[in-house]
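Asks: Would you be able to build a 3D model of this:
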Amino acid sequence: MNVSLTPQLEQYVKDKVKSGLYNSSSEVVREALRLMGERDMLRQIRVEELRGEIQKGIDQIERGEYVEGEDVFRLLKERNAEIRKKSE
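Replies: Numbers count the residues shown, from 1 in each chain. Next comes the predicted model:
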């Protein structure tokens with residue numbers, strides 16, 4: 001397989017080999033691909049966790065376990081007023 005790199009990426013790979021951390025350009029590319037795979041896997045895990053949290057919220061709404069937005073803002077204003085009174 002042949003891969004074309006920008007001059008900047010090619011220099012980056014060469015610098016990695018020169019540093020002694022890698023024995024060849026192929027090792028650098030393999031490590032980069034391994035790390036990309038790990039990142040993709042972590043991203044997928046985060047997406048699945050987010051979907052689970054969204055489903056929890058949907059389930060709570062279906063059970064009637066929620067607070068209307070207007071009520072939330074009213075409660076926040078009340079708490080804010082209480083905090084201000086205590087600080088005076």
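
Asks: ranges for the helices of the chain?
Replies: 7-18, 25-62, 69-87 (DSSP state H).

Asks: Can you name every helix or strand that the shortest one contacts?
Replies: Read that as helix 7-18. Helices and strands touching helix 7-18, by 3 or more C-beta pairs under 8 Å, 6 or more residues apart in numbering; DSSP states H and E, are helix 25-62. Every residue, glycine included, has its C-beta placed from N, CA and C.

Asks: List the buried residues for the helix it packs on?
Replies: For helix 25-62, the neighbour count (16 or more other C-beta atoms under 10 Å) marks 28-29 as buried.

Asks: what's the pLDDT at residue 1?
Replies: Looking at residue 1, its pLDDT reads 87.

Asks: Neighbours of it, how many?
Replies: 3 (other C-beta atoms under 10 Å).

Asks: Figure out which of the helices of the chain is closest to residue 1.
Replies: Nearest of the helices of the chain to residue 1, taken as C-beta to C-beta: helix 25-62 at 9.7 Å.

Asks: Next, report how far that closest one is displaced from the centre of its chain.
Replies: Averaging C-alpha positions (C-alpha atoms, centre = their mean, to the nearest Å) puts helix 25-62 8 Å from its chain's average.

Asks: same for that helix, what does it pack against?
Replies: helix 7-18.

Asks: Could I get the CA-only coordinates of the helix it packs on as PDB?
Replies: In PDB, the C-alpha atoms belonging to helix 7-18 read as follows (Å, rounded to 0.1, in the frame of the first residue of the first chain):
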ATOM      1  CA  PRO A   7       5.100  17.600   3.400                       C
ATOM      2  CA  GLN A   8       4.300  18.500   7.000                       C
ATOM      3  CA  LEU A   9       3.000  15.000   7.800                       C
ATOM      4  CA  GLU A  10       6.000  13.400   6.100                       C
ATOM      5  CA  GLN A  11       8.300  15.500   8.100                       C
ATOM      6  CA  TYR A  12       6.400  14.700  11.300                       C
ATOM      7  CA  VAL A  13       6.800  10.900  10.600                       C
ATOM      8  CA  LYS A  14      10.500  11.400   9.900                       C
ATOM      9  CA  ASP A  15      11.000  13.300  13.100                       C
ATOM     10  CA  LYS A  16       9.300  10.500  15.000                       C
ATOM     11  CA  VAL A  17      11.600   8.000  13.600                       C
ATOM     12  CA  LYS A  18      14.600  10.200  14.200                       C
END
